[in-house]
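In: Fold the following, please.
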Amino acid sequence: MDKFEPVGTLCLTAQSGHIKRLLPDQPRGDALSAARVPEPKRKQALLCGFSGYLPDAGQKVTLELELDGSRHRIGIGHPQPPQILLGHNGWLFLAQDSNDSTGQFTGDHCPCEGWKRNWDRYTNALKRLRDGESGGKICFVIAPSKESLFPDYYPLPRGTQTPLDSLMARYGTLPELYYPVDVLAPLRELSYDPVETHWTDFGARMVCQEIMHKMGGHNPPLPLHFRMPYVSGDLGWKSVPPLRTYRPTASWPNPSTVIFDNHVLHHGRIRIHSNPKAPRKQTYVLFGGSSAEHMERYFSAIFTRVVYVYSAGSWDPAILEHEKPAFTILQSSERFLTRAPEPEIDVSRIVADKLAKGCVTKKGVRQELMAEWNDSSIAFYREMG
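Out: From the prediction side, this is the model:
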């Protein structure tokens, strides 16, 4: 640290005794910020990160730093099996996750009384929300799992009844419930890709257009311009080496402006778009998860105001009362159907808890970024922290 020069070699020792040595050759600007490396020294110190692979690591890996011929123990790592399942035609699927995606697809889901009771509670609250005036028109959309669109690529057979089957058998007539597999299936290889669990921007566009059609009114066509970058994804990065593919990614000038972002990590994230030139002079509120972030861009091109809240299908009555939107979208994912979302939540409490734990995306600079949000319509959200 006295010279701010990266030194040493990282030694990875597998359970078998096999050793892999890595040199510091990766740029790590975040590490320089954490170590408070002064600006004049940053260029020489930038390559201070390690990256590499240790095949057949076993269940235990020893990490040591070699300095001047001596090794210094850093710690012990316990590798976990990769959360991927290799299907046909090179397609990857999620596996060994906390939701047991593999078991959901291949098993025989027998809904217990607790499952029914919680979903009854959610759907009854959904009906009350529909009959009230605070949320406008309501849609609860379920993002399909990849294996539901690609059963022929999935390496395991489908079970007799999945959680989705149980849900549709019990609540399929609910008009707010929307499972868009039929819309996505005709162009499924553009709607999803081999190395990512979530739908692509192309798939999100198809779903957004259909939701707007279902909700009625004059809806101009959504932008249909894409580029095809060669990228990895949340499944591709779990492969060794990482796998990549070409992905249809939205590529058009978005006329909306982000006027607020609280930079909270995952649940409790709030982002607000303003588009005064939008053809629909209405407010759209989106309570969703990661898949909903792909939808956010399209809705903000059509509606004057779009409020996105990361909540995986739960809604906050206080936000709806404040916004009084024309439309409310609740988005969850098929793999989360083993448990019902909470029908009503208090986002302000979630935000306060996340801030107390430091669960933010812009550590160290969040307060400065928050100070930049000064639109008069966001005071309600600024008060949450």
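
In: Could you give me the buried positions within stretch 186-200?
Out: By 16 or more other Cβ atoms under 10 Å, the buried positions in stretch 186-200 come out as 188, 190-200. C-betas here are computed from N, CA, C, even on glycine.

In: Of those residues, which belong to strands?
Out: Of these, none are assigned to strands by DSSP state E.

In: Can you tell me how far the nearest residue to residue 125 once chain neighbours are set aside is from residue 122?
Out: If you skip the residues right next to it in sequence, residue 125 has residue 343 as its closest partner in space, 3.4 Å away by Cβ to Cβ, 6 or more residues apart in numbering. As for residue 343, its distance to residue 122 is 5 Å (criterion: Cβ to Cβ, to the nearest Å).

In: Identify the contacts common to these two.
Out: Taking Cβ atoms under 8 Å, 6 or more residues apart in numbering as the contact rule, residue 343 and residue 122 have no neighbour in common.

In: Give the helix, strand or coil label for the nearest residue to residue 281 once chain neighbours are set aside.
Out: Take residue 281 and drop its neighbours on the chain: the residue closest to it by Cβ to Cβ, 6+ apart is residue 304, 5.0 Å away. Put simply, residue 304 is strand when judged by DSSP: H, G, I helix; E, B strand; the rest coil.

In: Which positions in stretch 75-91 come out as buried?
Out: 83-85, 87, 91.

In: Kindly check the end-to-end length of that stretch for me.
Out: In terms of Cα to Cα, to the nearest Å, the two terminal residues of stretch 75-91 are separated by 35 Å.

In: pLDDT on it, on average?
Out: Model confidence over stretch 75-91 averages 90 on the pLDDT scale.

In: how about the helices in the protein?
Out: 29-34, 42-45, 101-106, 113-131, 146-149, 163-171, 181-184, 188-191, 201-215, 290-302, 317-323, 347-357, 366-371, 379-382 (DSSP state H).

In: Make a markdown table from the ones you listed and add distance to residue 335 and mean pLDDT to it.
Out: Compiled in a markdown table, these are given as follows (distance: least, Cβ to Cβ, whole Å; pLDDT from 0 to 100):
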| stretch | distance to residue 335 | mean pLDDT |
| --- | --- | --- |
| helix 29-34 | 31 | 88 |
| helix 42-45 | 42 | 90 |
| helix 101-106 | 5 | 95 |
| helix 113-131 | 15 | 96 |
| helix 146-149 | 9 | 97 |
| helix 163-171 | 8 | 96 |
| helix 181-184 | 14 | 97 |
| helix 188-191 | 17 | 98 |
| helix 201-215 | 16 | 95 |
| helix 290-302 | 11 | 95 |
| helix 317-323 | 26 | 97 |
| helix 347-357 | 22 | 96 |
| helix 366-371 | 31 | 91 |
| helix 379-382 | 30 | 95 |
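
In: closest one to residue 252 among these?
Out: In terms of Cβ to Cβ, the element of those nearest to residue 252 is helix 290-302, at 8.1 Å.

In: how many degrees apart are that closest one and helix 201-215 in direction?
Out: Interaxial angle of helix 290-302 relative to helix 201-215 (axes from the mean of the first three to the mean of the last three Cα atoms, to 10 degrees): 70 degrees.

In: so what does helix 290-302 touch, helix or strand wise?
Out: Judged by 3 or more Cβ pairs under 8 Å, 6 or more residues apart in numbering; DSSP states H and E, the packing partners of helix 290-302 are helix 201-215, strand 270-274, strand 280-288, strand 303-310, strand 327-333.

In: Any chance of a markdown table for these, columns distance to residue 361 and mean neighbour count?
Out: Converted to a markdown table, the helices and strands packed on helix 290-302 look like this (distance: least, Cβ to Cβ, whole Å; neighbours: other Cβ atoms under 10 Å):
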| stretch | distance to residue 361 | mean neighbour count |
| --- | --- | --- |
| helix 201-215 | 21 | 20 |
| strand 270-274 | 11 | 22 |
| strand 280-288 | 17 | 22 |
| strand 303-310 | 11 | 24 |
| strand 327-333 | 20 | 25 |
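
In: what about those, which gets the closest to residue 136?
Out: Comparing the helices and strands packed on helix 290-302 by their distance to residue 136 (Cβ to Cβ), the top pick is strand 327-333, with 5.1 Å.

In: Neighbouring strands - and their directions - for the closest one?
Out: Sheet partners assigned to strand 327-333 using DSSP bridges are listed as strand 137-143 (parallel), strand 280-288 (parallel).

In: what does the first one contact?
Out: Strand 137-143 has contacts (Cβ under 8 Å, 6+ apart) with 126, 129-130, 164, 174, 176-180, 198-199, 207, 211, 214-216, 289, 291, 313, 326-334, 337.
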